[in-house]
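> 3D, please:
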Amino acid sequence: MSRFTTEMFANAAASPRGIATGDPHAPLFQTWGEIHAVARQIAGGLAEVGVEPGHAVGVLAGMPVDIAPLVQGVWIRGASITMLHQPTPRTDLIQWAEDTLRVVRMINADVVVVGEPFEPAVDVLRQHGIRVALISELRKGPSIAPSRWASRTWRCSS
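Below is the predicted model of the structure:
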């Protein structure tokens, strides 16, 4: 593993610090250890859908509570992650969908992980032959340890 991921995983086990997400009037505080525990389950879910070291994972999610454990889960699998552009209220959704599909193909994503509030995009992605995994399902995966390839998040193509 890289020094960055090694230290991140070690800090998760030892640090009382964390992040607060959610509604400002009712924030959810999670320690890095709690986030890492969820990340290990997400990594297990990613393994179950076939994500391997060196794979590329696209992400279309907007809930902050999902992002930190998802990113760590992807890194635990030794895969790379690309956060996909999210539409704004004034976005032409047809153009956005076309652009998103183009980016997914450009990064050669092995899977696109979808979370709230973008579940409606799942059908469009699947109609275009893109493998999709839902964050809500990945969270139910078995807890797995970081891949020894967690620092090798590049993709080689010929």
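> can you pull the pLDDT of W154?
Listed pLDDT for W154 reads 44.
> mind checking pLDDT for the residue of the chain most remote from its centre?
The outermost residue of the chain, judged by C-alpha distance from the chain's mean C-alpha position using C-alpha atoms, centre = their mean, is H25 at 26.5 Å. Looking at H25, its pLDDT is 90.
> Tell me which residues touch it, please.
Not one residue lies near H25 by C-beta atoms under 8 Å, 6 or more residues apart in numbering. To be clear about C-beta, it is placed using only N, CA and C from the backbone, and glycine gets the same treatment.
> What separation do you get for it and E7?
34 Å (C-beta to C-beta, to the nearest Å).
> Need the three-state assignment for the spatially most central residue of the chain.
The chain has L70 as the residue nearest its centroid, 3.7 Å off, counting by C-alpha atoms, centre = their mean. Assigned by DSSP: H, G, I helix; E, B strand; the rest coil, the conformation of L70 is helix.
> check contacts around it.
Applying C-beta under 8 Å, 6+ apart, the residues contacting L70 are 39, 42, 59, 61, 81, 113, 115, 135, 138.
> What distance do you get for it to H25?
Using C-beta to C-beta, L70 is found at 25 Å from H25.
> where does the chain dip in pLDDT?
Along the chain, the parts satisfying pLDDT under 70 run over 1, 147-158.
> report the longest helix in the chain, please.
Longest helix in the chain, counting residues (DSSP state H): helix 32-48.
> Distance from that helix to the middle of the chain?
Distance, stretch centre to chain centre, for helix 32-48: 10 Å (C-alpha atoms, centre = their mean, to the nearest Å).
> Just the buried positions in that helix, please.
Of the residues in helix 32-48, 32, 35-36, 38-47 count as buried by neighbour count, 16 or more other C-beta atoms under 10 Å.
> Buried residues, the helix or strand just after it. List them.
Using DSSP states H and E, the next helix or strand after helix 32-48 towards the C-terminus is strand 56-60. For strand 56-60, burial by neighbour count (16+ other C-beta under 10 Å) applies to 56-60.
> what does stretch 132-143 give?
Buried residues in stretch 132-143, counted by 16+ other C-beta under 10 Å: 132-135, 138-139, 141.
> How far away from the center of its chain is that stretch?
10 Å.
> And the contacts of it?
37-38, 40-49, 61, 66, 69-70, 73, 111-116, 119, 122, 125-126.
> Which parts of this protein are strands?
For the chain, strands defined by DSSP state E occupy the ranges 18-21, 28-31, 56-60, 80-83, 111-114, 132-134.
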